[in-house]
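K.L.:
could you look at this predicted model? Sequence included:
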Amino acid sequence: MGFENQEVERKVLSILKVLGEQREPLGARVIARRLKDRGVELSERAVRYHLKLMDERGLTKPAGRDGRLLTEQGVEETRNALARDKIGFAISNIETLAFRTSFDWEKCSGLVPVNISLFPEESFKKALKAMRKAFEAGLCVSDLVAVASEGEKLGEVMVPQGKVGFATICSIIINGSLLKAGIPLESRFGGILQIRNHKPTRFVDFIQYAGSTLDPSEVFIKARMTSVGEIVSDGDGKILANYREIPAPCRSMADEIVARLKEAGLGGLIMMGEPSQPVCEIPIALNRVGMVLMGGLNPVAAAEEQGIEAENLAMSTVMEYRDLVNFKEV
């Protein structure tokens, strides 16, 4: 980047990340507030100073009154800079969204974590048709979704020109609900789960969150490693799934929470193991319980299997539960 020291470089990268998560101009005041949410303390004045430096280096450009957008160079820098700082990005994202989850199953209201998929406008109807059977077969966390046109928002994500935004519930809803109940939960990895005769058997591939700079689901979808459509048709195939662990004494409480979520149309649990017993061939430590959760992007994976491309932003934001609708209504 050519800045004087590592500390300045980190501050600039933090600002780049904030701008990179939005598709609309942001001013110094908003950026400073977003940085504070991430634990980065920069005054509005300091942000303006760094933005000026970033303009000079071609990383950002003015857009509207006091607003900035990333340039192509800024986007590329965000992707490549400080790769070591991105290690564990996935687990950090999970923990942040779990904390932001505020769903109350008694009132059926509050924020729930979602994935965002951006489809080209011309292929969205075809994508809906491709996803329908996956939703009907229950190969999703929930059949509650949200749709937005270009210029509209899903949570904090602005839908770009020529795209249709599609939000699906993320399995982090279970993380957030257990967290609110005081149950410690360890998120281990996202992977590809083999299904035989409609029953889960084993993980055949996985990526550990703690060592990843990318979301595993996005990687597996783009690599075309799923076969969601085959499960719908004959019961055998591979789906996106996630693995979590909780202390054994918390199992009964976790069962109750999962049941309450299911009543509200928020599922996601494929299976919960017994204390100290392997789950889907994943070994587990003494007095721990393994949980296998459904990947929220499985319906989108079904569309991609049919050649319908989408830009997927897994674990990207939160939305109000009451703003979601049943997939059948879309």
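P.N.:
Right, received. Where do you want to start?
K.L.:
so which residues of this protein form helices?
P.N.:
6-20, 28-37, 44-56, 72-80, 83-86, 89-100, 124-136, 172-180, 216-222, 228-234, 251-263, 298-305 (DSSP state H).
K.L.:
for the nearest residue to Met271 once chain neighbours are set aside, give its distance to Val300.
P.N.:
The shortest distance from Met271 to any non-neighbouring residue, by C-beta to C-beta, 6 or more residues apart in numbering, is to Val292 (5.1 Å). From N, CA and C alone the C-beta is placed, and that goes for glycine too. Val292 sits 19 Å away from Val300, going by C-beta to C-beta, to the nearest Å.
K.L.:
likewise for Val318?
P.N.:
18 Å.
K.L.:
now swap in Glu95 and tell me
P.N.:
Distance of Glu95 to Val300, computed by C-beta to C-beta: 23 Å.
K.L.:
got it, and Val164?
P.N.:
Relative to Val300, and taking C-beta to C-beta, Val164 is found at 12 Å.
K.L.:
looking at those two, which is more packed in?
P.N.:
More neighbours surround Val300 than the other of Val164 and Val300, with 30 against 22 (other C-beta atoms under 10 Å).
K.L.:
pretty sure that one contacts Ser117?
P.N.:
Yes: using C-beta atoms under 8 Å, Val300 is in contact with Ser117, at 4.8 Å.
K.L.:
now for those two: what residues contact both?
P.N.:
Common contacts of Val300 and Ser117 (C-beta atoms under 8 Å, 6 or more residues apart in numbering): Phe166, Thr168, Ala310, Asn312.
K.L.:
most widely separated two among these?
P.N.:
The most widely separated members of the shared contacts of Val300 and Ser117, counting by C-beta to C-beta, are Thr168 and Ala310 (11.1 Å).
K.L.:
intersection of neighbour lists for these two?
P.N.:
In contact with both Thr168 and Ala310: Ser117, Val300, using C-beta under 8 Å, 6+ apart.
K.L.:
between those two, which one's more packed in?
P.N.:
Thr168 (27 against 23).
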